[in-house]
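Asks: Requesting a structural model of the entry that follows:
(chains A and B)
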Amino acid sequence: MVRRKPGALVPLEISVLELAATRSEPFHGFELAKALADADRARGLTAHGTLYKALGRLAEQGLLEAEWESPEISVGEGRPRRRLYRLTGEGERRLAAERRLVPFAPRGPVAGLT
Amino acid sequence: MSGDRLALWWVDRYTRGLRPDTRAERRAEIASDLWEHRHDAGDTWSTHLAIAWRCVRGAPADLSWRRSRAGRRRALPARGPLLRGTGWAVAGMAYVFLVVQHAWFASALLGLDLYGSDWSPGDVERWSRISGALVAALLGGVLLLRVTPRLGAALVAGASLGTAGLMWWALPLIGPIALAVTTGAVVIARRRRRALGGERAAVVAVP
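Replies: Below is the predicted model:
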């Protein structure tokens, strides 16, 4: 298995940052998986392990901010609590740097999160 | 097993030995994802299949995540129980598969007709008798493992490997199943023999 350089982002993580940049509101994991699948219909929903490992890495690097929503909201809506993510300032800077590194990569919102 | 149950079972497996708060967070996040998936796509068999497929495809990333969470020193001792648990689960499922398969083939002995119309009566009778003997060996072997471990393991292993030999055209599927069952039976028999040896020694020491 090829080891990635420490701190380097894989394409999925860059796509996550791209999508996060289109959102003013925080988003949860399944919402993100669905948006990624909508953006690339050949791909389908991202696997649990792949998705949450990527989100965890981005949060650890400070590129995304993660927080559990208030229990009152989830109880009120009759569903499990969501872990919500949002892009940080560091994430925005990193995304801009990645765009400079890969100038021919798709820019802007690939597909907006709904 | 539904897609949800498979996914949550897998979470419990690969987070075993990690910090309780890390385990709880991962489980809660996956449970939320499963709920959202079913709520979005509907609670149908195709949704459960999609959930199971997402779970299976993500397994290598889950294990990699586990390694990064556990750290090198903590991950090494925790890997043994994880692999052993998975091994027993595989052997157990393989055993159930063989028993169900042979019980199905042996159904004609009870006057049931589960074969379908494309089997000749001679073949049905022959396969039913063979499968009846094999299912008896599989079930009896497991019962005997406790009392006479060597005979029990021999019966289970003979029935499993015999199945692989009889169904040689399906060897890529039946071969690993038979090996898993045989390995499980041999390991249980060895442990049981050690335990019986210990019990005998205790009886001799304390008359």
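Asks: what about stretch A:78-90, how long is it end to end?
Replies: End-to-end distance for stretch A:78-90: 34 Å, by C-alpha to C-alpha, to the nearest Å.
Asks: in the chain, which segments are predicted with low confidence?
Replies: Picking chain A for this. Applying pLDDT under 70 to chain A flags the ranges A:1-5, A:42, A:102-114.
Asks: Wait, chain B was what I had in mind.
Replies: Along chain B, the model assigns pLDDT under 70 to residues B:1, B:71-83, B:113-117, B:119, B:197-207.
Asks: Residue of it nearest chain A, please.
Replies: Closest to chain A within chain B is residue B:58: 2.6 Å, counting by C-beta to the nearest C-beta. (Glycine included, C-beta is placed from N, CA and C.)
Asks: Skipping adjacent residues, who's closest to that residue in space?
Replies: Leaving aside its chain neighbours, residue B:58 sits nearest to residue A:49 (2.6 Å; criterion: C-beta to C-beta, 6 or more residues apart in numbering or on different chains).
Asks: ditto for residue B:159
Replies: Nearest to residue B:159 is residue B:137, by C-beta to C-beta, 6+ apart, at 3.9 Å.
Asks: One more: residue A:95?
Replies: That would be residue A:17: by C-beta to C-beta, 6+ apart, it lies 4.5 Å from residue A:95.
Asks: quick one: that neighbour is in a strand?
Replies: No. Counting by DSSP: H, G, I helix; E, B strand; the rest coil, one finds residue A:17 to be helix, located in no strand.
Asks: What residues does it make contact with?
Replies: By C-beta atoms under 8 Å, 6 or more residues apart in numbering or on different chains, the contact set of residue A:17 is A:9, A:58, A:63, A:64, A:87, A:91, A:94, A:95, A:98.
Asks: ditto for residue B:154
Replies: Contact analysis of residue B:154 by C-beta under 8 Å, 6+ apart lists residue B:141.
Asks: name the element it belongs to?
Replies: Secondary structure assignment for residue B:154, by DSSP states H and E: helix B:149-166.
Asks: got the buried residues for the helix or strand just after that helix?
Replies: On the C-terminal side of helix B:149-166, the nearest following helix or strand under DSSP H and E is helix B:171-205. By neighbour count on 16 or more other C-beta atoms under 10 Å in any protein chain shown, the buried set for helix B:171-205 is B:174-175, B:177-186, B:188-189, B:192.
Asks: And those residues, which is closest to residue B:146?
Replies: residue B:192 (6.4 Å; C-beta to C-beta).
Asks: tell me the contacts of the closest one?
Replies: Applying C-beta under 8 Å, 6+ apart to residue B:192 gives the contacts B:145, B:146, B:149.
Asks: would you list those residues in TSV and tack on distance to residue B:25?
Replies: Output for the contacts of residue B:192, formatted as TSV (distance: C-beta to C-beta, whole Å):
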residue	distance to residue B:25
B:145	41
B:146	42
B:149	43
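Asks: List, one by one, the residues from chain B near chain A.
Replies: B:7, B:25-26, B:28-33, B:35-37, B:39-40, B:50, B:54-65 (C-beta under 8 Å from any C-beta of the partner chain).
Asks: out of the residues you listed, which are buried?
Replies: By neighbour count, with 16+ other C-beta under 10 Å, the residues of chain B next to chain A hold B:7, B:25-26, B:28-33, B:35-37, B:50, B:54-55, B:57-59, B:61-63, B:65 as buried.
Asks: Now, those residues that are in helices?
Replies: Among these, DSSP state H puts B:7, B:25-26, B:28-33, B:35-37, B:50, B:54-55, B:57-59, B:61-63, B:65 in helices.
Asks: the strands in chain A, which residues?
Replies: Taking DSSP state E as the criterion, chain A carries its strands at A:64-68, A:83-87.
Asks: out of the ones you listed, deepest packed?
Replies: Comparing the strands of chain A by mean neighbour count (mean count of other C-beta atoms under 10 Å in any protein chain shown), strand A:83-87 comes out on top with a mean of 20.
Asks: That one near chain B anywhere?
Replies: Yes. Using C-beta under 8 Å from any C-beta, we find that strand A:83-87 touches chain B at residue A:83.
Asks: Packing partners of that strand?
Replies: On a contact count with 3 or more C-beta pairs under 8 Å, 6 or more residues apart in numbering or on different chains; DSSP states H and E, strand A:83-87 meets helix A:11-21, helix A:29-39, helix A:48-60, strand A:64-68, helix B:20-41.
Asks: which ones are touching the closest residue to chain B within chain A?
Replies: Going by C-beta to the nearest C-beta, chain B is nearest to residue A:49 of chain A, at 2.6 Å. Contact partners of residue A:49, counting by C-beta under 8 Å, 6+ apart, are B:55, B:57, B:58, B:59, B:60, B:61, B:62, B:63, B:65.
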